[in-house]
Each structure stands twice: as C-alpha cells, then as structure tokens.
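Undergrad: One predicted model, sequence on top.
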Amino acid sequence: MTISRNIEAPGALVELTTRLNALERGLWRCFNSQTIRHNLNNMTDPEGIKGYHAHIYYDEAVRERAARIREFIEGHFKVVMGRWRDMPVGPHPQAMYQVAFGTEEFPRIVPWLMLNRDGLTVLVHPETGDAYTDHAVNPLWLGEKLQLNVEMLKNLPKS
C-alpha cells in the first residue's frame, strides 16, 4: 500500500502542478488583457504633439563639436535654431542650444542625431503644451542623462 501511494503521489503532483500552471496562465491572460484595456483607455494621443525640441549640451571643451553639429543641422533640416546658451538656463543644468522642429522632421533628424551626436548629450522632448511632462516624463536622451531642474516647470501654465 505504501509503495502504491508513493508511486501515485508523483502523478497526482504532476497533475496538480499542471492544473495550477493552467490556472495561472488563464489568470495572467485575464490580468494582462484587463491591464492593456485600462492602459489603452488612459493613453495620451500622440496627435497632441505640436513639435519637438532637441537640446544639445556642451561645455567649452566640446563647443567646437557642438558648432559643427549645429552647422550641419541648420543646413540639412527644417528647424528653428535657438541661441547659444553658455550658462545653465531654465531646467537645463549646463550650456546648450535648442533645435525646434516639426513632427514631420522627427524621423529625419532624431536618427541623424543618434548616429552623429559626436559624444554630446542630447535631450529630445515633445511639445505638448505641458513643459513639466514634456521634460520630466516624456524625454528621449541620447548619451548621458542629465539631471534637469524640472521643479521650476511645474508651475508654468499649460497651453
């Protein structure tokens, strides 16, 4: 009798494990589909993006590289160039210049920056009318991620 139970027990354990795994997969599928439906209902429509900014950071040691990148961007992309900012400004912790561009230019300029930033740090963020969220929640960093002073953006009016 004892031998019989020992022989049957592994089969029962395998069956129980199989049933628990099936239950877990079923619950996981249910959880995932509910989570996906919930997340889809709370997603932000990218149609709200009016354009983008790229901030190209530099210091005195790499300013010449930043100038070469700037010159190329001005000559090859549809952009509006910002001034050279040799001191920290706004939420930006170091010298930079801004490159503003439309949504249609994103698939051209961002891959170019990915491949040609020449070791510089670049922040790309959408322009949605919410400066805090654009900089703090939805940025794309190329290179080193810098610590922005985003607290100052929280009280800006949303447009």
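TA: All right, it came through fine. Numbering: from 1, shown residues only.

Undergrad: mind showing which ranges of the chain have poor pLDDT?
TA: 1-41 (pLDDT under 70).

Undergrad: Point me to the residue sitting closest to the centre of it.
TA: Centroid-nearest residue in the chain: L140, 4.4 Å away (criterion: C-alpha atoms, centre = their mean).

Undergrad: thought that residue was touching T121?
TA: No - counting by C-beta atoms under 8 Å, L140 sits too far from T121 to count as a contact (11.7 Å). Every C-beta, even on glycine, is put in place using the N, C-alpha and C of the backbone.

Undergrad: Residues touching the host helix or strand of E71, excluding its own?
TA: If you go by DSSP states H and E, E71 is part of helix 63-76. Outside helix 63-76, the residues that touch it by C-beta atoms under 8 Å, 6 or more residues apart in numbering are 56, 58, 79, 81, 95, 97, 99, 109, 112, 116-120.

Undergrad: Apply 10 Å and report the result again.
TA: 54, 56-59, 62, 79-82, 84, 86, 95-97, 99, 101, 108-109, 112-113, 116-120, 122 (C-beta atoms under 10 Å, 6 or more residues apart in numbering).

Undergrad: right, and the helix or strand after it?
TA: Remark: after helix 63-76, the chain's next helix or strand is strand 79-81, criterion DSSP H and E.

Undergrad: what helices or strands is that next one leaning on?
TA: The helices and strands touching strand 79-81, judged by 3 or more C-beta pairs under 10 Å, 6 or more residues apart in numbering; DSSP states H and E, are strand 51-57, helix 63-76, strand 96-101.

Undergrad: Would you mind getting the angle between the longest one and strand 96-101?
TA: Read that as helix 63-76. Between the axes of helix 63-76 and strand 96-101, defined by axes from the mean of the first three to the mean of the last three C-alpha atoms, to 10 degrees, the angle is 10 degrees.

Undergrad: Please save the CA atoms from helix 63-76 in PDB.
TA: What follows is helix 63-76, C-alpha atoms only, in PDB (Å, rounded to 0.1, in the frame of the first residue of the first chain):
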ATOM      1  CA  ARG A  63      31.900  73.600 -28.100                       C
ATOM      2  CA  GLU A  64      33.600  73.200 -31.500                       C
ATOM      3  CA  ARG A  65      31.900  69.800 -31.900                       C
ATOM      4  CA  ALA A  66      28.600  71.400 -30.900                       C
ATOM      5  CA  ALA A  67      29.200  74.100 -33.500                       C
ATOM      6  CA  ARG A  68      29.800  71.500 -36.300                       C
ATOM      7  CA  ILE A  69      26.600  69.700 -35.400                       C
ATOM      8  CA  ARG A  70      24.700  72.900 -35.300                       C
ATOM      9  CA  GLU A  71      26.000  74.000 -38.700                       C
ATOM     10  CA  PHE A  72      25.000  70.700 -40.300                       C
ATOM     11  CA  ILE A  73      21.600  70.700 -38.700                       C
ATOM     12  CA  GLU A  74      20.900  74.300 -39.900                       C
ATOM     13  CA  GLY A  75      21.900  73.300 -43.500                       C
ATOM     14  CA  HIS A  76      20.100  70.000 -43.800                       C
END
